[in-house]
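Colleague: here is my input, please return the structure:
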Amino acid sequence: MMNPNISILIVDDDMNKIQNIIATIKDKIKDVPLKIDQAINVTESKEYLNKNKYHLLISDLQMPLYENGELLQNGGEILIKEIYKKRNKLNVPLYIIGLTQHKEFISNFNNLWKVLFYSMSEEGWKIYLRDLIFHIELIKSNLVQHLIETIYVEGINDFKLLQKTTELYFPNQLTKFKIDYLEYGGGINWVERRILIWSKSLNKKDDQTPLKAIGLFDNDPPGLKSINNLEQNIAQESAERKTFSIIATYPKYSSTLKSIKSKGIDFYTTMEDLIGIDVWKSAKENNWLELRKKENYVGIENIDKTMLASKGLTEEEILQTLYKVSDKYKNNFTNLALKNKNDLINISYLLKDCIEKLKI
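Modeller: Here you go, the predicted model:
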């Protein structure tokens, strides 16, 4: 756990702009740990403000109300008004500023909050932000927060599985790292954004080694695309790359999946695929499963039970190869898995990998 840090919530979907904001802040306070969260709509912002306290909120003026919603010119105004509604019980940041690339909107909002014009080449907003950060650094002890090693996951079920596995298999590690997710609007893109922002923050532990995070992705096309995005955007030998590791739900963590793959059958895998076979059998009996689609398989055109049996797959292997957990029953599937330690053994192997990479 690191010394008290400056905590900032940035509400914006422009990653280049966000990286420029972080660089400007780091230029003023190179050695002060930064806890930076990012939201891209009003609903996501409110979830962060419900769970956390922030020294500073930096917000764009335009944003949707919710994920994939219509972009609203007054989205920022709606957010600020929501923050100050007492019934929402949101943590009001100590300071709030708007940062927009649209000069024509600035006069409409300055009666509500300080709004600055943003441009890569403009110095005005940088000077104001540096001065504000310097002031916050002086008084930051008024809002004590700490940074800790973090594993970012796609949703609440992944959180439940990893948290329970930690309690059962690594109880001595419970307070040494955090598992983080966003209940509304999380998912793969959120994990990718969190890792990118974490890397740009360049936080260090007291011994000056990088404070690390893990981005945990499903081993499927969307997850692999996010992994590729991070690898393309953050150079392998850079200081940023030393602040995080990427782990996916690969077959190597499950003896069943490894056996299936050794027999020439390969398919995309998620966290559910790492759960013990007894849960899969119960799920089949309860009609929680559905057939995998053709695109879920890698390099296989036609697949059925007869073909799999001819390749030497067991009945249990055939079950897990042909079926996946239906989205509407993932909560049921997860809750059943949480009841038995043995059903989480494969996830413990994945979690062991995470803990080793976090270097705690």
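
Colleague: what's the closest non-adjacent residue to M120?
Modeller: N20 (6.3 Å; Cβ to Cβ, 6 or more residues apart in numbering). (Each C-beta comes from the backbone N, C-alpha and C, glycine too.)

Colleague: so the one you found, which of the three states?
Modeller: Using DSSP: H, G, I helix; E, B strand; the rest coil, the structure places N20 in helix.

Colleague: isn't D12 right next to L61, touching?
Modeller: No. With contact defined as Cβ atoms under 8 Å, D12 and L61 do not form a contacting pair (9.9 Å).

Colleague: more crowded one of the two?
Modeller: Taking neighbours as other Cβ atoms under 10 Å, D12 and L61 compare with L61 leading, 24 against 21.

Colleague: list the residues that contact that one.
Modeller: 73-77, 98, 100, 102, 105, 109, 115 (Cβ atoms under 8 Å, 6 or more residues apart in numbering).

Colleague: E47 contacts E183, correct?
Modeller: Yes. Counting by Cβ under 8 Å, E47 does reach E183; the two are 6.2 Å apart.

Colleague: the more surrounded of these two?
Modeller: Taking other Cβ under 10 Å, E47 and E183 do not tie; E47 has more neighbours (18 against 13).

Colleague: how about the more buried one: what's its closest non-neighbour residue?
Modeller: Excluding the flanking residues, the one nearest E47 by Cβ to Cβ, 6+ apart is Y184, at 5.6 Å.

Colleague: just say helix, strand or coil for the one you found.
Modeller: coil.

Colleague: pLDDT at it, what is it?
Modeller: Y184 carries a pLDDT value of 79.

Colleague: quick one: contacts for it?
Modeller: By Cβ under 8 Å, 6+ apart, the neighbours of Y184 are 43-44, 47, 66-67.

Colleague: lowest pLDDT pick from the contacts of L61?
Modeller: F109 (58).

Colleague: quick revisit: separation between the residue nearest to M120 and K28?
Modeller: Remark: distance between N20 and K28 (Cβ to Cβ, to the nearest Å) = 14 Å.

Colleague: same question, L72
Modeller: Remark: distance between L72 and K28 (Cβ to Cβ) = 32 Å.

Colleague: and if you look at Q232?
Modeller: According to Cβ to Cβ, Q232 stands 29 Å off from K28.

Colleague: repeat that for I8.
Modeller: Distance, I8 to K28, by Cβ to Cβ: 13 Å.

Colleague: when these two are compared, which one has more neighbours?
Modeller: Comparing I8 with K28 by other Cβ under 10 Å, the one with more neighbours is I8, at 24 against 15.

Colleague: leaving out the residues flanking it, which one is nearest to Y297?
Modeller: Of all residues not flanking Y297 in the chain, F267 sits nearest, at 4.7 Å (Cβ to Cβ, 6+ apart).

Colleague: OK, contacts around the one you found?
Modeller: By Cβ under 8 Å, 6+ apart, the contact list for F267 reads 292, 296-298, 300, 321.

Colleague: give me the ChimeraX select line for these, limited to the buried ones.
Modeller: Restricted to buried positions by 16 or more other Cβ atoms under 10 Å, the ChimeraX selection for the contacts of F267 reads:
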select :292,296,297,321
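
Colleague: among the contacts of F267, which ones are in helices?
Modeller: Counting by DSSP state H, the contacts of F267 place T321 in helices.

Colleague: mind checking which of the contacts of F267 are in strands?
Modeller: Nothing among the contacts of F267 maps onto strands, per DSSP state E.

Colleague: mind putting the contacts of F267 into TSV with distance to I83 and pLDDT?
Modeller: Below are the contacts of F267 laid out as TSV (distance: Cβ to Cβ, whole Å; pLDDT from 0 to 100):
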residue	distance to I83	pLDDT
R292	44	96
N296	42	95
Y297	47	96
V298	47	94
I300	51	90
T321	49	98
